[in-house]
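> kindly return the folded structure for what I paste below:
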Amino acid sequence: MRLRNKFLVAGAIASTVLIGGAAYAYWTTGGSGSGTAATSASVSDVELSGDLATALYPGATQALTIKAKDTNPGDVTIAAVYVTASFATPQLTALCPLAATALVGPFTLTGAAATPVSLGDVNVSFENTASDQSACINKPITLSYSTVAPS
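Numbering: from 1, shown residues only. Okay, here's the model as predicted:
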């Protein structure tokens, strides 16, 4: 091999090593820095609603469709919806026991929704006991809703 070719090969190898070394140093460089961020205000409660289609009577069970509306600017996720059914007084509630099932999700609601969306149905029942339950005739039933956040 001629001396000129040897210099060309040596120069090519040296160039490759230098460029490769520079590229390695470029991609493995370190550094540090800082920044700031803020959190948004707390989210508003989700609006829950649902009405029984007909009046309950002892021994009856009805499906109750739960609807939810997210008025927050962003999406909200809830893990479950619980329904409590009761009469106006503790005495009536004890005399005429009511029960409701839970609706388990999770459910992700779209933020700033214009209309409520259906999450699903729960069962609301009026227990038929051996006691005279006529004091509960034509009495309003209150349905209360609560949610659980995902863990």
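> next, Leu95: phi, psi?
Backbone torsions of Leu95, given as degrees, to the nearest 10, read phi -70, psi -40.
> and it, how close does it get to Leu64?
22 Å (Cβ to Cβ, to the nearest Å). Using the backbone N, CA and C atoms, a C-beta is placed for each residue, glycine as well.
> of these two, which one has the most company?
More crowded of Leu95 and Leu64, by other Cβ atoms under 10 Å: Leu64, with 19 against 16.
> mind listing what that one touches?
50-52, 83, 100, 121-124, 143 (Cβ atoms under 8 Å, 6 or more residues apart in numbering).
> cool, Phe107 as well?
When contacts are taken as Cβ under 8 Å, 6+ apart, Phe107 is in contact with 68, 77-78, 81, 119.
> filter these down to the buried ones, ChimeraX style.
Selecting the buried subset of the contacts of Phe107 in ChimeraX, with 16 or more other Cβ atoms under 10 Å as the burial test, is done by:
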select :68,78,81,119
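> let me have the contacts of Phe107 in a markdown table, adding pLDDT, distance to Cys136 and secondary structure as columns.
Below are these laid out as a markdown table (pLDDT from 0 to 100; distance: Cβ to Cβ, whole Å; DSSP: H, G, I helix; E, B strand; the rest coil):
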| residue | pLDDT | distance to Cys136 | secondary structure |
| --- | --- | --- | --- |
| Ala68 | 92 | 29 | strand |
| Thr77 | 91 | 37 | strand |
| Ile78 | 90 | 32 | strand |
| Val81 | 93 | 25 | strand |
| Leu119 | 94 | 29 | strand |
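> and the gap between the closest residue to Lys67 other than its chain neighbours and Gly50?
Spatial nearest neighbour of Lys67, excluding adjacent residues (Cβ to Cβ, 6 or more residues apart in numbering): Pro116 at 3.9 Å. The gap separating Pro116 from Gly50 is 9 Å, by Cβ to Cβ.
> alright, calling it a day.
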